[in-house]
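>>> Below: sequence and its predicted model.
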Amino acid sequence: MVLIAVACWNITEIYAQEALKPRPSPLEMVTMKYEDTYVKITYCRPHKRGRKIFGDLEPFGEVWRTGANEATEITVTGSVKLGNQIIKPGTYTLFTIPNKDHWTIILNSELGQWGAYNYNSKLDVARFDVPVLTTTEVYEPFTIAFEQKAHSAELVMMWDRTKVTIPVEFM
């Protein structure tokens with residue numbers, strides 16, 4: 001009995017130490033509020049670390065979790081227009097399909113996914129394309145940010161020298 005207790009304690013110690021290690025792609029949350037509508041994006045921030053990102057680490061034409069680790073999730077508390085799609089209040093998984101000249105933005109109703117391994121297009125709530133911009137600045141970590149305007153905003157995703165902008169209109 002004592003042997004079992006010692007074994008359990010050792011296993012618990014090992015897992016506790018692992019849980020305390022910092023993640024190579026840390027968890028991040030960005031938020032914005034406009035009047036009564038709140039938008040929150042939760043994602044993990046992978047870093048470039050000298051790698052070629054789009055077309056290599058993240059292949060063109062394949063569904064990407066839009067970050068690292070758990071798939072990125074977006075929550076909206078009021079109806080918004082993302083790109084050309086009206087999105088009802090709720091929480092969605094945010095997938096993307098990077099291409100050289102455009103990205104396909106996907107909002108999917110299945111939550112709690114790890115990566116994009118079990119992505120199911122039948123659960124897509126919205127899908128639209130946005131153009132790709134090439135920047136002179138290199139973004140070492142993958143970054144999602146909001147740029148708020150008077151009655152709208154832009155949801156911006158940047159990594160390496162790639163930037164995509166999604167128009168956000170509040171309903």
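All right, it came through fine. What you see is a predicted model, and the numbers here were worked out from it, not measured in a lab.
>>> which residues does the nearest residue to Trp114 once chain neighbours are set aside contact?
Among residues not flanking Trp114 along the chain, Glu70 sits closest, at 5.8 Å (CB to CB, 6 or more residues apart in numbering). Glycine gets a C-beta too; all of them are placed from N, C-alpha and C. Contacts for Glu70 (CB atoms under 8 Å, 6 or more residues apart in numbering) come out as 44, 112-115.
>>> Most neighbours among those, which one?
Highest neighbour count within the contacts of Glu70: Cys44, with 20 neighbours (other CB atoms under 10 Å).
>>> Show me what that one is bridged to.
Counting by DSSP bridges, Cys44 forms beta bridges with Leu27.
>>> Now the top strand by length along the chain: buried residues?
Longest strand of the chain, by residue count under DSSP state E: strand 124-148. By neighbour count on 16 or more other CB atoms under 10 Å, the buried set for strand 124-148 is 124, 126, 130, 132, 139, 141-144, 146.
>>> What of stretch 71-91?
71-74, 76, 78, 80, 82-83, 87.
>>> same question, stretch 147-155
Here stretch 147-155 shows 153, 155 as buried, counting by 16+ other CB under 10 Å.
>>> okay, how far is it across it, tip to tip?
One end of stretch 147-155 sits 7 Å from the other (CA to CA, to the nearest Å).
>>> just to revisit the earlier point, got a list of contacts for the helix or strand just after the longest strand of the chain?
Downstream of strand 124-148, the next assigned helix or strand under DSSP states H and E is strand 152-170. By CB under 8 Å, 6+ apart, the list of residues contacting strand 152-170 from outside reads 32, 34-35, 37, 39, 41, 46, 48, 52-54, 66, 78, 80-83, 96, 98, 103, 105, 130-139, 141-147, 151.
>>> on that earlier part again, helices or strands up against the longest strand of the chain?
strand 27-34, strand 37-44, strand 85-87, strand 90-98, strand 102-108, strand 152-170 (3 or more CB pairs under 8 Å, 6 or more residues apart in numbering; DSSP states H and E).
>>> mind running it again at 10 Å?
strand 27-34, strand 37-44, strand 80-82, strand 85-87, strand 90-98, strand 102-108, strand 152-170 (3 or more CB pairs under 10 Å, 6 or more residues apart in numbering; DSSP states H and E).
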